[in-house]
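**Q** A predicted structure for the sequence below; I have some questions about it.
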Amino acid sequence: MSDATLGAPPRKARVATAIVFAVHASVFGAWTPHIPAVKEHLGLNDGTLGLTLLGAPVGSVVAMLLAGNAVARWGSRRVVLLMLLGYGLVSPALGLAWSAGALFAALALWGAFQGALDVAMNSQGIAVEQGYRRPILSGFHAWWSFGGFVGVGLGALLIGSGVDLTTQMLVSTGVVFLAAWPLTRAMLGDDHAVDDHRLGLPWRDKHVLVLGAIMFAGLLCEGAVGDWAALYLKETVGVTAESAGWGYAVFAVLMFVGRVMGDRWVLRFGASRVVATLAAAGALGLGVALVVGGFWSALVGFGLFGLGLACIVPVAFSSAAAQSDAHAGQAIAGVATAGWAGFLLGPPLIGLLAHGTSQTLALGILPLLCLAVVFGARALNTR
């Protein structure tokens, strides 16, 4: 029998969606170990690098404003296919950039496909979750964390082997192009809106606004770690370029563990309590690590921080879909626009602060934002 027979859960769609989550993260993760080399190659300081990385949030936020309506009108499966192909196609441009301006432009286009794909694949995840009639969205985000770990590990390994960023991304493009069509064929194709006259982002919905604020804080922290963990370990702690990549790797592994367990924890203890408890542990862990300033303490701190942020995104997306009267794609786009802006604004913000003070003090804002999530967690609801 097929997955659709007698209301059976859509297993093929679940597998395909999980793989897309992993691919999305692995392409991004493979870029992060190359950031110190790109910074050195282009002759950028912390402040200039921070401003250059601002290209990605600009493109991402603009794309997200359109992605929710596109998903509501045409369904997430079609949007996932187009954005996945575009994401792969643009990736090599990061290595071909010859100046800060060229890198800014490449990141802006890359960020646009990242952001739109994020909305579409989470919308598909909500549709699959409804077919299972139980929480599974955290599991998809576990695959995102796994993909990030694989990507950053592969990137660090290729750096050690002398492979440059352009060559690495060209290979990624080939893999994405080969996988995009069979993956999206297995996805659900009936999650589009019936009433096209109600298209628009639900910004007037107070629940979406509150969840967007939580997502902004949580994903600003996640984005900052993604781009600055390696730089902090290399330039402040003083480890080698190959070892510097392990900061984000440990972060991604512990985030993966938290997301693997997240659905079970939420069912047992409730969404608010789980998010608040984990966020408090993450804030404490990273805060202590920054004060100590050693390599091993940093790895422990980044690991606890990954665990602390693990459930924020899936719980916020599920809450948005449950609490908003809009199409799931539109509700997710509204929350994701704020969250993804934080995710991609985090690196340039840390860069500007580090240029004026130090990397340690700049990263010190992350535990404070994590504490803000603790106090806002009561707004989360996944009914």
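**A** In hand now; what should we look at?
**Q** what helices and strands are in contact with the one helix or strand residue 173 maps to?
**A** Secondary structure from DSSP states H and E places residue 173 in helix 165-185. Helix 165-185 sits against helix 11-31, helix 76-90, helix 93-96, helix 137-160, with contacts defined as 3 or more Cβ pairs under 8 Å, 6 or more residues apart in numbering; DSSP states H and E. Where C-beta positions appear, they are placed from N, C-alpha and C, glycine not excepted.
**Q** you'd agree residue 63 is up against residue 110?
**A** No: between residue 63 and residue 110 there is no contact under Cβ atoms under 8 Å: 10.5 Å.
**Q** in stretch 329-340, what's buried?
**A** Using 16 or more other Cβ atoms under 10 Å as the test for burial, stretch 329-340 gives 329-340.
**Q** in helices, which of those appear?
**A** Mapping the buried residues of stretch 329-340 onto helices (DSSP state H) picks out 329-340.
**Q** returning to what we had before: pLDDT of the helix holding residue 173, averaged?
**A** In this model, helix 165-185 has a mean pLDDT of 87.
**Q** do the same with stretch 32-50
**A** 80.
**Q** for stretch 256-266, same thing?
**A** For stretch 256-266, the mean pLDDT works out to 91.
**Q** gap between it and the chain center?
**A** Centroid displacement of stretch 256-266 relative to its chain, using Cα atoms, centre = their mean, to the nearest Å, is 16 Å.
**Q** list of residues touching that stretch?
**A** If you take Cβ atoms under 8 Å, 6 or more residues apart in numbering as the criterion, stretch 256-266 is touched by 134-139, 141-142, 144-146, 149, 274, 278, 306-311, 314-315, 382.
**Q** 7 Å - rerun?
**A** Outside stretch 256-266, the residues within contact range by Cβ atoms under 7 Å, 6 or more residues apart in numbering are 135-136, 138-139, 141-142, 145-146, 149, 274, 278, 307, 310-311, 314-315, 382.
**Q** what does stretch 13-20 give?
**A** Outside stretch 13-20, the residues touching it (Cβ under 7 Å, 6+ apart) are 80, 84, 121, 124-125, 128, 140, 143, 183, 186-188.
**Q** worst-scoring helix or strand of this structure, pLDDT-wise?
**A** Lowest by mean pLDDT, DSSP states H and E among the helices and strands of the chain is helix 241-244, with a mean of 76.
**Q** any buried residues in it, and which?
**A** So for helix 241-244, counting by 16+ other Cβ under 10 Å, buried means 241, 243-244.
**Q** ok, now stretch 87-101?
**A** 87-88, 90-95, 97, 100.
**Q** with stretch 283-293 instead?
**A** 283-287, 289-290.
**Q** same question for stretch 310-318.
**A** For stretch 310-318, by 16+ other Cβ under 10 Å, it's 310-318.
**Q** same question, stretch 246-261
**A** In stretch 246-261, counting by 16+ other Cβ under 10 Å, buried: 246-261.
**Q** for the nearest residue to residue 120 once chain neighbours are set aside, what are its contacts?
**A** In this structure, residue 120 finds its nearest non-sequential neighbour in residue 79, 3.9 Å apart by Cβ to Cβ, 6 or more residues apart in numbering. Contacts here follow Cβ under 7 Å, 6+ apart; on that basis residue 79 touches 67, 70-71, 116, 120.
**Q** any chance of these in a markdown table, plus pLDDT and neighbour count?
**A** As requested, those are exported to a markdown table (pLDDT from 0 to 100; neighbours: other Cβ atoms under 10 Å):
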| residue | pLDDT | neighbour count |
| --- | --- | --- |
| 67 | 83 | 29 |
| 70 | 84 | 23 |
| 71 | 85 | 31 |
| 116 | 90 | 31 |
| 120 | 90 | 31 |
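**Q** using PDB, write down the CA coordinates of the helix or strand harbouring residue 251.
**A** For residue 251, the enclosing helix or strand under DSSP H and E is helix 246-269. Extracted C-alpha coordinates of helix 246-269, given in PDB (Å, rounded to 0.1, in the frame of the first residue of the first chain):
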ATOM      1  CA  TRP A 246      35.700  22.100  15.500                       C
ATOM      2  CA  GLY A 247      34.000  24.900  17.400                       C
ATOM      3  CA  TYR A 248      31.000  25.000  15.000                       C
ATOM      4  CA  ALA A 249      31.200  21.200  14.600                       C
ATOM      5  CA  VAL A 250      30.700  20.600  18.400                       C
ATOM      6  CA  PHE A 251      28.000  23.200  18.300                       C
ATOM      7  CA  ALA A 252      26.200  21.400  15.500                       C
ATOM      8  CA  VAL A 253      26.500  18.000  17.100                       C
ATOM      9  CA  LEU A 254      24.900  19.000  20.400                       C
ATOM     10  CA  MET A 255      22.200  20.900  18.500                       C
ATOM     11  CA  PHE A 256      21.600  17.700  16.600                       C
ATOM     12  CA  VAL A 257      21.300  15.700  19.800                       C
ATOM     13  CA  GLY A 258      18.800  18.300  21.200                       C
ATOM     14  CA  ARG A 259      16.700  18.200  18.100                       C
ATOM     15  CA  VAL A 260      16.700  14.400  17.900                       C
ATOM     16  CA  MET A 261      15.200  14.400  21.400                       C
ATOM     17  CA  GLY A 262      13.200  17.600  21.100                       C
ATOM     18  CA  ASP A 263       9.900  16.100  20.000                       C
ATOM     19  CA  ARG A 264       9.900  13.700  22.900                       C
ATOM     20  CA  TRP A 265      10.800  16.300  25.400                       C
ATOM     21  CA  VAL A 266       8.100  18.700  24.200                       C
ATOM     22  CA  LEU A 267       5.500  16.000  24.400                       C
ATOM     23  CA  ARG A 268       6.600  15.100  28.000                       C
ATOM     24  CA  PHE A 269       7.400  18.500  29.500                       C
END
